[in-house]
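Student: structure of the sequence below:
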Amino acid sequence: MSAKVNQDLLEERKKCDFNVEELTNYLDGSVQATTNRRKLETKVLSTKGLLDDVPEEYLSHKEKYENAVRKAVVLYRALKDAEDPNLTEQEKANVIYRSLINSAVFKDNSPFALHFVMFIPAILGQADEEQKKYWVKRASKMEIIGTYAQTELGHGTFIRGLETTATYDPKTEEFVLHSPTLTAYKWWPGGLAHTANYCVVMAQLYTQGKSCGIQPFLIQLRDEETHMPLPGIKLGEIGAKLGFNTVNNGFLGFENHRIKRDRMLMKNAQVLKDGTFKKSLNSKLTYGTMVYVRVVIVNAMANQLARAVTIAVRYSAVRRQSELKPDAGEPQILDYVTQQHKLFIAIASCHAFSLTAQWLTRMYHKVSSELEKGNMDELPELHASACCLKAVTSWDASAMVERCRTSCGGHGYMLSSNLPQIYGLVTAAVTYEGENTVLMLQTARSLVKAWEQASTGQTLSPTMSYLSEKIGSKQKWDNSVDGIIKGFRRVALGKVGAAVASIKKYMKRGLAPEDAWNMTSVQLVAASEAHCRAFILSTYKSEAERTTSSLSGPLKKVLSQLVELYTIYWALEKLGDLLLYTSISEADVRQLQDTYEELLGKIRPNAVGLVDAFDFCDQILNSTLGASDGRVYERLMEEALKSPLNAEPVNQSFHKYLKPFMQGKL
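Tutor: Residues are numbered from 1 along each chain as shown. So this is what the prediction gives:
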């Protein structure tokens, strides 16, 4: 086997001073979890007809979708056949959550994605027990395929501005769904165009002549036998995009389409037969599905970034370029410190995002459990945390995946590298499920409120408790990880305080509170980012310490180095803020730079081992540059020869156009 693996990659694996398998088990959660995941991947990915013979990029837009539907069906059946009956439902879910089998099958994601990520969770979170019993059963068995439609052509994050109406008619006990304008058309839901036949639709409820806010409705879109759109429903696809071109994103319009009263999901709010509206205890409960998806996104950013940095690090170990010293031969580009600077932070970020996602997931389940008991005390903190974490991790992942791509030079521009497609997947997260700037401003509202509460001596939520500290004189700077975290909290404290002062200043000048907020919005976004940076840093450190106590010494050491690298990297990136709000000195900065460069050198021998530990099989990486054997150039050529343009030595365009043109006959 060793003869088939690139020699440089073999040598890199020999350098690694920790047990790669131990790290894989840690990332999976246990030795058994790794075994379960690998067993599932091996069985599923060996299914005939699941993986493409012709790369997706050579198919037409229509062919890509049709092929994706075919593969989605094959994948679903393969996953069902591969299920281990000895595992609990939670264990099965954990295996799927950790595995990226979808990435091996779809470079641009599945047309079933929204069915599992939003349709079923929406029913679970919004339906009453009777509705849940019927619809979850049908959805789980794939008797129906669903999606979730909230965003409209004219409104996205501003949910109260949605124009789709659901007007209750007590005479027939029906809701009448209508799209009064072009901008009221639902726009973006995955699977909506041609795949789904049911949909959870968010619409403005009107009953007894009154507006009752946004409510969820479960609507049949297509006939279950013919798949034709039902009367009063207009459906279609929104067109080609930067990524997600096999997800089948669609538009949806209503022309006075009628549904039965029991098709409103009535766990949190109800409309009685006579049209009486029973209000939810908390209108935010209606948006629980969005909070759940934002939790999922943070973990998805960790996973997609892990794929990208695995490709880039392996390629960097194989690629040799230029000369560091005369006549010394071309070094691996991974030996260049600039390359290490580009890539090692991405490895550390994967760990930071993953551990933060685990924390956020635990909080989500805890808050959900409390909501069932009617306790909504921690809901605002969950919402504020999910908003800023979704924003910051998607921003960072987008930037770092693009850095991974450019670190592979021209070859990273090839679609066969899979880096452009991964970039398309992560950069989409910047705008879906809440545009990032808007989400940061939602977190800012919580921060401003917490600041005001702190000023009156009230107890703050754990994630914002540092706002109770007094600004006062600058504390002595400390270059340790804990010291840097304190510094970042100091920055967040200062930025929130400055934003609050700015709002008050504008209001004293006579501006309305809303205008004062808008004038201060740039500062408010910066304050939210500062808060989120401090939170990720502290959570990464505390969660790493909590979860690594039983690991071997060498592994604990390298994971600790990643925590330190991540912390110092962001300190150097945010020097302006630290200089403004802390007592950091020029000598401190120089020491941090020295420590950072030393850390790059310490991590260098373990770089390939660290990405190997993510344990992505070659099918999941789907990359000519990142395969485990390091046969980069052979794979690039093999993939190039699959191009339809290489099927014949002379393309017909020569005889039709080029030859007459060159002979002056055209």
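
Student: quick check: which element contains residue 358?
Tutor: Assigned by DSSP states H and E, residue 358 belongs to helix 337-372.

Student: packing partners of the helix or strand just after that helix?
Tutor: Counting by DSSP H and E, the next helix or strand C-terminal to helix 337-372 is helix 379-406. Identification of packing neighbours for helix 379-406 by 3 or more Cβ pairs under 8 Å, 6 or more residues apart in numbering; DSSP states H and E yields helix 288-318, helix 337-372, helix 419-428, helix 436-455, helix 521-547. Any C-beta I mention is one placed from the backbone N, CA and C, and that applies to glycine too.

Student: direction-wise, compare helix 379-406 with helix 521-547 and give the angle.
Tutor: 90 degrees (axes from the mean of the first three to the mean of the last three Cα atoms, to 10 degrees).

Student: give me the three-state assignment for the residue lying closest to residue 526 once chain neighbours are set aside.
Tutor: Of all residues beyond its chain neighbours, the one nearest residue 526 is residue 495 (5.7 Å), with distances taken as Cβ to Cβ, 6 or more residues apart in numbering. Under DSSP: H, G, I helix; E, B strand; the rest coil, the three-state class of residue 495 is helix.

Student: which residues sit in contact with residue 495?
Tutor: 523, 526, 527, 530, 531, 577, 581 (Cβ atoms under 8 Å, 6 or more residues apart in numbering).

Student: let's go with 6 Å and repeat that
Tutor: Residues in contact with residue 495 (Cβ atoms under 6 Å, 6 or more residues apart in numbering) are 526, 527, 530.

Student: thought the last one was touching residue 492?
Tutor: Yes. Contact between residue 530 and residue 492 holds when scored by Cβ atoms under 6 Å: they sit 4.0 Å apart.

Student: in three-state terms, label residue 206 for me.
Tutor: Residue 206 ends up strand, using three-state DSSP.

Student: look up how far residue 169 lies from it.
Tutor: 10 Å (Cβ to Cβ, to the nearest Å).

Student: same question for residue 386.
Tutor: Applying Cβ to Cβ to residue 386 and residue 169 gives a distance of 37 Å.

Student: more crowded one of the two?
Tutor: With neighbours defined as other Cβ atoms under 10 Å, residue 386 and residue 169 compare such that residue 386 has more, 27 against 13.

Student: the residue nearest to the more buried one when sequence neighbours are not counted: neighbour count?
Tutor: Excluding the flanking residues, the one nearest residue 386 by Cβ to Cβ, 6+ apart is residue 294, at 4.2 Å. A total of 26 residues lie near residue 294 under the criterion other Cβ under 10 Å.

Student: contacts only, for residue 294.
Tutor: By Cβ under 6 Å, 6+ apart, the neighbours of residue 294 are 386, 390, 433.

Student: now do the closest residue to the second one other than its chain neighbours, the pLDDT please.
Tutor: Spelled out, that is residue 390. The spatially closest residue to residue 390, leaving aside those adjacent along the chain, is residue 294, at 4.2 Å (Cβ to Cβ, 6+ apart). Looking at residue 294, its pLDDT stands at 87.

Student: ditto for residue 88
Tutor: At residue 88, the pLDDT recorded in the model is 82.

Student: how far away is it from residue 95?
Tutor: Distance from residue 88 to residue 95, by Cβ to Cβ: 11 Å.

Student: same check on residue 654?
Tutor: 52 Å.

Student: kindly report the same for residue 308.
Tutor: 23 Å.

Student: quick check: residue 354 touching residue 301?
Tutor: No. Residue 354 is not in contact with residue 301 according to Cβ under 6 Å; the separation is 9.3 Å.

Student: report how many residues lie close to residue 295.
Tutor: Going by other Cβ under 10 Å, the residues that sit close to residue 295 add up to 22.

Student: list the buried residues of stretch 322-339.
Tutor: 332, 333, 334, 336, 339 (16 or more other Cβ atoms under 10 Å).

Student: hang on, the earlier thing: neighbour count winner among residue 654 and residue 95?
Tutor: residue 95 (26 against 12).

Student: got the contact list for that one?
Tutor: 36, 37, 40 are the contacts of residue 95 under Cβ under 6 Å, 6+ apart.

Student: same deal with residue 620?
Tutor: With Cβ under 6 Å, 6+ apart, residue 620 has these contacts: 100, 103, 104.

Student: what does residue 530 give?
Tutor: With Cβ under 6 Å, 6+ apart, residue 530 has these contacts: 491, 492, 495.

Student: likewise for residue 340?
Tutor: Residue 340 touches residue 600, counting by Cβ under 6 Å, 6+ apart.

Student: hang on, residue 25 packs against residue 31?
Tutor: Yes. Contact criterion Cβ under 6 Å: residue 25 and residue 31 qualify, at 4.8 Å.

Student: more crowded one of those two?
Tutor: The neighbour comparison of residue 25 against residue 31 (other Cβ under 10 Å) goes to residue 25, with 19 against 13.

Student: so how far is residue 98 from the more buried one?
Tutor: 11 Å.

Student: burial check on residue 377, number of neighbours?
Tutor: Neighbour tally, residue 377, other Cβ under 10 Å: 10.

Student: can you tell me the SS state at residue 144?
Tutor: Residue 144 ends up coil, using three-state DSSP.

Student: swap in residue 330?
Tutor: Residue 330 falls in the coil class when you classify it by three-state DSSP.

Student: quick one, grab the pLDDT at the closest residue to it other than its chain neighbours.
Tutor: Spatial nearest neighbour of residue 330, excluding adjacent residues (Cβ to Cβ, 6+ apart): residue 320 at 3.9 Å. Looking at residue 320, its pLDDT reads 95.

Student: what's opposite residue 320 in the beta bridge?
Tutor: According to DSSP bridges, the residues that bridge with residue 320 are residue 332.

Student: and residue 17, how many neighbours?
Tutor: 12.

Student: gap between it and residue 608?
Tutor: On the measure of Cβ to Cβ, residue 17 and residue 608 end up 12 Å apart.

Student: how near is residue 519 to residue 437?
Tutor: Counting by Cβ to Cβ - residue 519 and residue 437 are separated by 15 Å.

Student: hmm, I typed the wrong one, I wanted residue 86.
Tutor: 47 Å.

Student: more crowded one of those two?
Tutor: residue 437 (16 against 7).

Student: hang on, the earlier thing: the residue nearest to residue 386 and residue 364: what is the separation?
Tutor: The value you get for residue 294 to residue 364, if Cβ to Cβ is used, is 9 Å.

Student: please apply the same query to residue 198.
Tutor: 25 Å.

Student: try residue 484
Tutor: Using Cβ to Cβ, which is the criterion applied here, residue 484 is 28 Å from residue 364.

Student: for residue 22, same thing?
Tutor: 29 Å.

Student: likewise residue 332?
Tutor: From residue 332 to residue 364 the distance is 42 Å (Cβ to Cβ).

Student: mind listing the helices for the stretch 551-666 of the chain?
Tutor: 553-573, 575-581, 586-603, 607-612, 618-621, 632-640, 652-653, 659-662 (DSSP state H, counting those that start in this stretch).

Student: for the contacts of residue 495, which one is nearest residue 328?
Tutor: residue 530 (44.8 Å; Cβ to Cβ).

Student: hey, what's residue 259 bridged with?
Tutor: residue 175.

Student: care to break the protein down by domain?
Tutor: 115-280, 289-459+476-624 (automatic domain parsing).

Student: which SS state does residue 215 fall under?
Tutor: What three-state DSSP gives for residue 215 is strand.
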